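**Q** Sequence first, then the predicted structure:
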Amino acid sequence: MLSEQQAKEIEQAIVKAEARTDGELVTVLASRSDDYLYIPVLWAALVALMTPAVLLFSPLWLSAGEVFVLQLAVFLGLVLILRFPPLLHRIIPPGVKRWRAGNLARRQFLENNLHHTRGETGVLIFVSQLEHYVEIIADRGIDAHVDEAQWQAIVDQFVIRVRKRETLEGFLGAIESCGELLSQHAPVTSEHDELPNRLILL
């Protein structure tokens, strides 16, 4: 996660970008979008269920009770081992990561009232570090005037930065790019600041 000084740099970048537009920028940084603790349980259950089949091809002769105890030991052991963060991160399916991060991004859009701004020009820049997930969600007033490819280009550059652990640089670049789009399609008409400029950390 970012330091207090880095968060301050992001806040200043938002103030600078919003000085040219009636739009509102909100930034959210999550360390992860889920604890994913159900994933080790699912993998452990699958392996434990396969244990009797594996034993059929082994020289061991075990009673039904012994097989059950072995299954239970395999299940509990894997649940504990697979909760170790480096292993857990590797066994989470990419689709699950995207789904959970996308859900959290949409919740943050609503919880931070980006759908209630004057002129419907709120823009969320959401990042979830574990998943290397970046999403920009714009309200109807601005999204109707910006091509999806323009948002995606900003996201693609940000994802590269996140993978290099250059999250601050990614935020600053995305804020500048989003501010430029907002200034073109929702130029400033009055001085106002409806939403907080600080980086929201989850």
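**A** Arrived safely, thanks for sending.

**Q** Could you give the average pLDDT over stretch 190-202?
**A** Confidence for stretch 190-202, expressed as mean pLDDT, is 80.

**Q** Name the residues of that stretch that come out as buried.
**A** When neighbours are counted by 16 or more other C-beta atoms under 10 Å, the buried residues of stretch 190-202 are found to be E194, L195, N197, L199, I200. Yep, even glycine has a C-beta here, placed from its N, CA and C like the rest.

**Q** for the first one, what are its contacts?
**A** Contacts for E194 (C-beta atoms under 8 Å, 6 or more residues apart in numbering) come out as E24, T117, R118.

**Q** about what we covered before: let me have the buried residues of stretch 190-202 in CSV, extended by secondary structure and distance to E135.
**A** Below are the buried residues of stretch 190-202 laid out as CSV (DSSP: H, G, I helix; E, B strand; the rest coil; distance: C-beta to C-beta, whole Å):
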residue, secondary structure, distance to E135
E194, coil, 21
L195, coil, 18
N197, coil, 19
L199, coil, 16
I200, strand, 14
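
**Q** who wins for most neighbours among the contacts of E194?
**A** Neighbour counts for the contacts of E194 (other C-beta atoms under 10 Å) peak at E24, which has 28 neighbours.

**Q** Pretty sure that one sits against G119.
**A** No: under the contact definition of C-beta atoms under 8 Å, E24 does not touch G119, with a separation of 9.2 Å.

**Q** Helices along this protein, start to end?
**A** Assignment of helices within the chain using DSSP state H yields the ranges 4-18, 38-55, 64-82, 85-91, 94-111, 140-143, 148-163, 167-185.

**Q** pLDDT on the second one, on average?
**A** Averaging the model's pLDDT scores along helix 38-55 yields 80.

**Q** quick one: buried residues of it?
**A** Of the residues in helix 38-55, those buried by neighbour count under the rule 16+ other C-beta under 10 Å are I39, P40, W43, A44, V47, A48, T51, L55.

**Q** swap in the fourth one?
**A** Buried residues in helix 85-91, defined by neighbour count with 16+ other C-beta under 10 Å: L88.
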